[in-house]
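> what's the 3D shape of this:
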Amino acid sequence: MTRIDEQNLWSIAFTPETVLLSPVVTDEGGLVMDARATSEPPIVGWHERWLLPDSDAVNTIWQHAREMGFDFEICELLDRSRIDATQPERQMITEPQREALELAYREGYFSEPREASLADLAASLDHSPSAVGGRVRRGMKTLIGRTLVIDDPNG
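Here you go, the predicted model:
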């Protein structure tokens, strides 16, 4: 067991009978973005997020799992053929949300104390403060829901 930043990291050894899909995901050119166990409905068991190169990879993984007698449910399947694999979070939000969030970050809207107001951001984007505020909130909600919260049915 190793400690990093006052937290323990546990090592787990799987039995030979354990069916793991992560090696197949990487063999298919994919990346396991997140893997967590959860016991909260609607998702009970393991919840994983994969970034895969194409639908053939999904099919290969699905077929492998079936051959191994392993069942899994695809909760969400998104065709993100335009995704930059180095920054998949950029594709989770709309372009206007990304623009508002990046400006808010650069201008110090998230700083403490705040260095820019919604009115400042709105003036730079030529939109109303309420429109910019909505874009910032919706973008943040989507990013948080897709990266931090795994068992939120709205995420």
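> Can you classify residue 130 by secondary structure?
What DSSP: H, G, I helix; E, B strand; the rest coil gives for residue 130 is helix.
> who does the host helix or strand of residue 62 touch, helix- and strand-wise?
Per DSSP states H and E: residue 62 is located in helix 55-67. Contacts defined by 3 or more Cβ pairs under 8 Å, 6 or more residues apart in numbering; DSSP states H and E place helix 55-67 against helix 22-27. Backbone N, C-alpha and C define where each C-beta goes, glycine included.
> which residues sit against the helix it packs on?
Under the contact criterion Cβ atoms under 8 Å, 6 or more residues apart in numbering, helix 22-27 has outside partners 31-32, 35, 48, 50, 52, 57, 60-61, 64-65.
> Tell me the helix or strand right after it.
strand 31-38.
> Quick one: list the elements packing against that following strand.
Against strand 31-38 (3+ Cβ pairs under 8 Å, 6+ apart) you get helix 22-27, strand 45-51.
> so it versus strand 45-51, what angle?
Going by axes from the mean of the first three to the mean of the last three Cα atoms, to 10 degrees, strand 31-38 is angled at 160 degrees with respect to strand 45-51.
> how far away is the most far-flung residue of the chain relative to its centre from residue 103?
The C-alpha centroid of the chain is most remote from residue 123, which lies 30.9 Å away (Cα atoms, centre = their mean). Between residue 123 and residue 103 the computed distance is 11 Å (Cβ to Cβ, to the nearest Å).
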